[in-house]
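Asks: kindly generate the corresponding structure for this input.
(chains A, B and C)
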Amino acid sequence: MNVVQAVLSGALIGGLYALMAIGLSVTWGVLRIINLVHFGLILISAYLTFQLATSWGVDPLLTLLVTVPAMFVAGAALQWLFDRLAVSEFNSLLVSFGLLIITIQVAANIWSADFQRMTASVNPYATASVSLGRLVFPVTTLVAFVLAGVVVLGAHLVLRRTFAGRALRAIAQDSAVAGAFGVDHRRLSLVLGGLVGATAALAGAVFALSNALTPETAYEWFGIVFAVVILGGVGEVTGTLAAGILVGVLSGVVAVVWSPATAPFVLFTAIILALLLRPRGLFAIGAVR
Amino acid sequence: MRRGAIPLFAVLLGLLALAFTGIPSFYLVLLGTVCFWIAQATSWNLLSGYAGYFSFGQAAYVGVGAYTTAVLTGRHGVGFFWTLPIAALLCGLLALGIGAVAFRLGSLRGEIFALLTLAVPFILAAFARINRSVDGGQGTSVPPPDVPGWLGDFQQFQYLLAVAVAGLAVGVAFVIQHSRTGSALAAIHDDEDVAEVLGVPTYRYKMLAIAVGGVLGGLGGSVYALQIGFVTVESVFGLMIPLFVIVMAVLGGRGHWLGPVLGAVLIVTLQDRLTSYGLDEWNAIILGAILAVLVAVAPAGLYARLRSRPLLALAGFVVVCGVLAIANVWGEELDWIVAGLLAAAAAAVLVRRRTTTPVPTPAAAVDKTDVDLPAAPLGEIIVECRGVAKHFGGVHALDDVTLDIREGELIGLVGPNGSGKTTLVNLLSGTFRPTAGEIRVGGADITTLAPHQIAHVGMARTYQIPKPFSSMTVRDNVATAIVFGRTPVSLREARPLADRHLATVALGHLADAYPAQLNLHQRQLLEMARAIAANPKVLLLDEALAGLNPAEVDNAVRVVRRIHSTGITIVIVEHLLRVLNQLATRMVVLDRGTVLADGEPRAVLSDPEVVRAYLGRQAHV
Amino acid sequence: MRRRFLTALAAATALTMVTAGCNRGGAEEGGDQPIVVGSTLSLTGAFAATGLIHKIAGEEYVARLNAAGGLLGRKVEWKVLDDQSDQSKVSQLYEKLITQDKVDLLMGPYATPNILSAMAVAQRHGYVLPQHTAVLAPQLTYECQFPAWSIGPQPNSFIPNQLFDAVATLPAPPTKVAVLTSQSGSAAFVSDGFKDDRAGAISIAKEKGLQVVVDVHYPPTTTDWAPIATQVRDANPDLVISNGLGVDAVNILQAMKQLNYVPKKMFALFPAPGPLLALGKPANGLLSVSMFEPNKATLAKLPPEATEIVDQFTARAKEAKLPYTVFETQATASWNAWQILTAGVTGSGGTDQKKMCDSLHSKGADTVFSGHLTFDPKDHNFWPTTQSLKQIQDGDWVTVWPADKATAPLR
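Replies: Okay, the predicted model is just below:
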């Protein structure tokens, strides 16, 4: 029974991992920018969720009405900056690292480095769950999972069915040629940057629902998020969701069957194996590229 | 000895001597930290900068080195000096392991390789935590070792160690850069497949680079353990070390051994000054801003910029430092030095140099004398293909191709698109292995050989879309081929030989230019020069005339003739029939993967089968 | 355009640095030279959450000290640098403070790894090092290192014993325990012991006849707590011992509540106190270790300055925008450390490090919150502990054990 619950909880938290990772994966795969500031946007969104919910006394999920548009703008602005700087793929990693350091410090300056956590009166979701017999679905990760699913479904439909989607896939393959066919690389990449920012807002909000925040938290996400990006295949939206679920489930099962200490060991060894066997990602279908 | 060696030695000796000058130990500790980062950034740069294989796993070596020393000295009382070679050995083995998996098993490149190296420290960290005999999560104390009296007290000892490791790392990087290994890594960096086909044993050199980098990183890690005195998983396997190593190396410049040194010096001293000002809320912001700005503005690194404007940078440094020192209203010596460094960097980076890059002169008067093809008796069979087939999944690119090529022939390989011409070239040069059949060159079966070995047997090829080594001059492109040809030669010796080959293709006047400045035709000529530089027996020209105007085509034809007259057997894949008419002694026609016709050009071209397959129902010759 | 923008940015950066440097310029001219205390603290980085508390406490202490006339008639100046939670920076900065800035006195940094690195430097130069929170007594071998927080020379035995003694007095004492251990520093130490001393929560539980139904070690990087929570729920222990740091306990409790399970009794080793209170009902009844809780009854037994100190700290913490502004164990550790330092100076009549060390060994130190401390080098200066247990009751931490210190009954 333990194992079944671990699988379930792992799959759900995998939704949160995927929600965090999708933005990074898409920016990397389509726009060829390794955008570490994405972690910063998630962090700021989490803090904003905390702040707005606490100060205005509103339901934390309602703060999405503010944070999503705000992060959309932030994401688009960031993308504009990257376009202007015209950095190479690898250098984008370093430039964004510099910006991430700044973001984290700004967060620390505003909210101090101490743990900030929404109180139970402000945030009823933290300990809530939905039960089906012995199986339990924690509300926070359930929300994450649903949001991740919505984002992935939306992305999938857009990419397959709309002109913008096709244009994005064209850009991912060869932006110069796409330009020759009338695809406005600049405008589309701004929109994409904004959408990625919006996913950061979602991820940050969910994270704030169930965790205490400190500025350093941003660095703690690196390992898991990159693991998910690798397994899902860079730029593959559906793959990222599947990979998130896989990472969550694998870690959870190993933690229960063996020990939580072994989970990262198994996970990252699995990643190396995956890279050897299927370098494009385990789930290289429905790809952007 | 090479140009930079003497100053390098002098600096090293100066640094070592510094320990005994009675300078406050804080400076020794600061310099020791700088040396740690120099060692890490330089060792990272060997594989990631020189060869272009970005690694995110530097923490693996630091961690293994630090833990080896910590566990052996802290838990088992082993003497500190013994732990150094053990750490080096373990890290070297680890690096070789990673290399074997990444390069051999997986042929992983680019971002995939980077992600694989990212996973390694996580695995090692988990292993250290699980394993109580290593750490179990509690951390391990590193007792200070017994220092021989003449080496001074602990800080001096540690400083000397740090300088020694950094000196070793920089020395190794210097030697590698100026050696064959350096040329190989540079070629691998620019285009690994081309390098392999040219004769560079890429696997060997990559393994060398990763192993040496690992060993140096591990030694640095051992000394680091001594410095921090207490080793925990978080402090050595964390992500900050690899990230900052990359920052320093990229900021400084990845192509040159001085780059990581510059980056390390700048970042460490800058951080130190920022900390000492107590600007805690601003420290990270300033650092992040400087990092982002510098990388955005000088993507190739500071070294390249400083090198192009050395005097301006020096002036900036001297002026700012001097003014601050004389005025003496703010800060202390170290502050002035750091301010001077920043000023120098800013000057070098922000003042854009007026482009004085050589404008390629119009093609020198081409030697229009035609070389008459001597009616040479056809030589021995040099290449034999028997029943060669290549299938890509369900696609049969080649099916049952049987072909003999004799020495001295100039064969035109033609066929409609998709008929398998380029595939055949790829098979002959070793880029692919045949699904079935045999290929022999000079009697030796090449189907089991690596591409670089096939190159040494005497096969050379050009690419339809030219792939020059973009970071090397035209001359060096050709010289690299000679360096890694059948008879190994040093780069210095190869350069004059390269000039000769450039003369053959009439590219001599552009020898010092970079490929980016060449037009398409010149690049194709470069391809040819590079291909013939290693004195191959057989040259495969893959649509070397694509995209040229008639005058350029004529020029190219003359070049091909000249090459042929030197005795090289040529197989030329072409669409332009008038060219083949002028050049070829024999024509082979491929259609849908099989040989349709093979013989004298005139006969082949009038064969109705060929006409139908290739030209459609209209015949134009 | 881009170049101009970047030039402007670079100029602005340089200007900031210059201005900041100028602010430093104003050195005190003439009169008595102040006594300079040098230290580093983790003001940014992984340990910053608690580092801040020590900064505020230290600043308050120095301000009070100077207001009361300073030390040996001289003003005290505290030079604290940010070590960014980075051990290599700790050793570098302490070397700088000692050899370049030539500070008169040292104060320790925060977090065990940093303290150990600083200790090595202090030892090399023969400086007295009061340190706040490293309780891994066996590893702190320098005889002039003075702990401000002592759980005795063997915390790995003391803590489990104290806990089990306390819960044994409950109407329904626990018989089954679950032990969850974070694989990091002090937490692992308390569960598993160190080197040959294998005593720890697990072994002592067994000695006392308790059944260990869950024994899980988790890495500090854990993000998914459900597997651990599920195991605990299914084992249904009477007492859950969470030997973890920071917000581990909060996360575990939350994960268990999500599974609709609330443990009968739970103990957390070194949690961050604030987030647990924010968790609300599920955290009720949680036990932890404590040096001091500002409960009314406790303060009443102490001199009035204790209340002043507590209130001033809260005011300062609020100003610094800290979410949890209560003066409790961490701040107490800071206060003790500073009192030890000043005791060393006043006891030896000067800032000679050797004399200070000897004075502390022979005379000890008086502290407001922990009474008189005595330092025995045989115990690595870990004074007889006055540690108590605290419990969350009605949304606040109260001292509940031992009986003579308790301000509320153990529930």
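Asks: most proximal residue of the stretch 151-289 of chain A with respect to chain B?
Replies: residue A:265 (3.8 Å; CB to the nearest CB). Any C-beta I mention is one placed from the backbone N, CA and C, and that applies to glycine too.
Asks: isn't that residue up against residue B:126?
Replies: Yes: counting by CB atoms under 8 Å, residue B:126 is a contact partner of residue A:265 at 3.8 Å.
Asks: shared neighbours of these two, anything?
Replies: A shared contact of residue A:265 and residue B:126, defined by CB atoms under 8 Å, 6 or more residues apart in numbering or on different chains, is any residue touching both; here there are none.
Asks: between the two, tell me which one has more neighbours.
Replies: Neighbour count, other CB atoms under 10 Å in any protein chain shown: between residue A:265 and residue B:126, residue B:126 has more, with 24 against 21.
Asks: wait, doesn't the more buried one sit right on residue A:262?
Replies: Yes: the pair residue B:126 and residue A:262 passes the contact test of CB under 8 Å, sitting 7.1 Å apart.
Asks: and the helices in chain A?
Replies: With helices called from DSSP state H, chain A shows them at A:2-31, A:37-56, A:64-85, A:89-111, A:139-161, A:163-173, A:175-180, A:185-210, A:217-220, A:222-232, A:237-257, A:263-277.
Asks: turn those helices into CSV, including mean pLDDT and distance to residue B:550.
Replies: Below are the helices of chain A laid out as CSV (pLDDT from 0 to 100; distance: least, CB to CB, whole Å):
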stretch, mean pLDDT, distance to residue B:550
helix A:2-31, 92, 42
helix A:37-56, 95, 53
helix A:64-85, 94, 41
helix A:89-111, 92, 40
helix A:139-161, 90, 46
helix A:163-173, 75, 34
helix A:175-180, 73, 27
helix A:185-210, 92, 36
helix A:217-220, 90, 61
helix A:222-232, 90, 51
helix A:237-257, 93, 50
helix A:263-277, 90, 50
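Asks: got these as TSV, with distance to chain C columns?
Replies: Rendered in TSV, the data for the helices of chain A read as follows (distance: least, CB to the nearest CB, whole Å):
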stretch	distance to chain C
helix A:2-31	3
helix A:37-56	10
helix A:64-85	7
helix A:89-111	6
helix A:139-161	8
helix A:163-173	23
helix A:175-180	21
helix A:185-210	6
helix A:217-220	7
helix A:222-232	6
helix A:237-257	4
helix A:263-277	6
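Asks: reformat those as CSV; add distance to residue B:249.
Replies: Formatted as CSV, the entries for these read as follows, by distance: least, CB to CB, whole Å:
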stretch, distance to residue B:249
helix A:2-31, 21
helix A:37-56, 21
helix A:64-85, 20
helix A:89-111, 10
helix A:139-161, 36
helix A:163-173, 29
helix A:175-180, 28
helix A:185-210, 28
helix A:217-220, 21
helix A:222-232, 20
helix A:237-257, 30
helix A:263-277, 24
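Asks: of all those, which lies closest to residue C:270?
Replies: When the helices of chain A are compared for distance to residue C:270 using CB to CB, the nearest one is helix A:217-220, at 18.5 Å.
Asks: who are the packing partners of the closest one?
Replies: The helices and strands touching helix A:217-220, judged by 3 or more CB pairs under 8 Å, 6 or more residues apart in numbering or on different chains; DSSP states H and E, are helix A:37-56, helix A:89-111.
Asks: kindly recompute the last result at 6 Å.
Replies: Helices and strands in packing contact with helix A:217-220 are not found; criterion 3 or more CB pairs under 6 Å, 6 or more residues apart in numbering or on different chains; DSSP states H and E.
Asks: got the CA coordinates for it in CSV?
Replies: Written as CSV, here are the backbone C-alpha positions of helix A:217-220 (Å, rounded to 0.1, in the frame of the first residue of the first chain):
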residue,chain,number,x,y,z
THR,A,217,15.3,27.9,-2.4
ALA,A,218,15.8,28.8,-6.0
TYR,A,219,19.1,26.9,-6.1
GLU,A,220,17.6,23.8,-4.6
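Asks: point me to the residue of the stretch 251-400 of chain C nearest chain B.
Replies: When scored by CB to the nearest CB, the stretch 251-400 of chain C has residue C:320 as its residue closest to chain B, at 11.5 Å.
Asks: which residue sits closest to that residue, ignoring its sequence neighbours?
Replies: Closest residue to residue C:320 in three dimensions, ignoring its sequence neighbours and counting by CB to CB, 6 or more residues apart in numbering or on different chains: residue C:56, at 6.0 Å.
Asks: residue contacts, that neighbour?
Replies: Counting by CB atoms under 6 Å, 6 or more residues apart in numbering or on different chains, residue C:56 makes contact with C:316, C:317, C:320.
Asks: go again using 7 Å as the cut-off
Replies: With contacts defined as CB atoms under 7 Å, 6 or more residues apart in numbering or on different chains, residue C:56 is in contact with C:313, C:316, C:317, C:320.
Asks: and those residues, which of them are buried?
Replies: Among the contacts of residue C:56, the ones that count as buried by 16 or more other CB atoms under 10 Å in any protein chain shown are C:313, C:316, C:317.
Asks: out of these, flag the one nearest to residue B:386.
Replies: Residue B:386 has its nearest neighbour among the buried ones among the contacts of residue C:56 in residue C:317, at 85.1 Å by CB to CB.
Asks: distance-wise, check the closest residue to residue A:128 other than its chain neighbours relative to residue A:59.
Replies: Distance criterion CB to CB, 6+ apart; nearest residue to residue A:128, sequence neighbours excluded, is residue A:139 at 4.2 Å. As defined by CB to CB, to the nearest Å, residue A:139 lies at a distance of 13 Å from residue A:59.
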